[in-house]
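# Sequence and predicted model, in that order:
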Amino acid sequence: MKTFQLTAKKKITLALLVVIALALLIFIINVQMNQPDILPANYMERLKNPGMTGDYIGLWKSRWHEENKAWIYPAKQYAIYAVVALACLSAWVAASKAKFWK
C-alpha cells in the first residue's frame, strides 16, 4: 500500500476539507431525517412550482422544513455532489507530489 507524504500544508488542507464535508453531511442528514416518508407522485413538479401546495402541506416533519421545501431538497442534492467532489479532492491532495505542497 502506498504511504502518503503528508506535509503541514496537506494536513491543514485536508482538515479544512473534512470540516466542510462534515458540515455538508450534517445538512444532508438533517434534511433526510425531516423529509416526508412517502412523497407524492408529482413531487418534483411541486418543487418547481412552490405555489402548488394542496395535499402536500404538512408532510414534512418540521415547520421550517415545510416552509422552505422549495429549495431544501435541491440543496440537499447539490450538497451530496459537493461531498463527492470534496472526497475526490481530498484523495488528490493526499496523493499529490506537486512542489506546491512542500
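Sure thing, it's come through. Numbering: from 1, shown residues only.

# center of the chain - which residue?
Nearest to the geometric centre of the chain sits Ala79, at 2.3 Å (C-alpha atoms, centre = their mean).

# Now do the strands in this protein.
In the chain, no strands are defined using DSSP state E.

# Low-confidence stretches in it?
The chain contains residues with pLDDT under 70 at 1-2, 37-60.

# need the helices for it, in chain order.
Ranges of helices in the chain, per DSSP state H, are 8-34, 43-48, 63-67, 69-95.

# right, and these - which one's nearest Trp101?
The closest of those to Trp101 is helix 8-34. By C-beta to C-beta, the value is 5.2 Å. C-beta here means a position set from N, CA and C on the backbone, and glycine is covered the same way.

# between the closest one and helix 69-95, how many degrees?
Orientation check (axes from the mean of the first three to the mean of the last three C-alpha atoms, to 10 degrees): helix 8-34 against helix 69-95 gives 150 degrees.

# Quick check: buried residues in helix 8-34?
Residues 10, 13-14, 17, 21, 24, 27-28, 31 are the ones in helix 8-34 that count as buried (16 or more other C-beta atoms under 10 Å).

# Cool, thanks, signing off.
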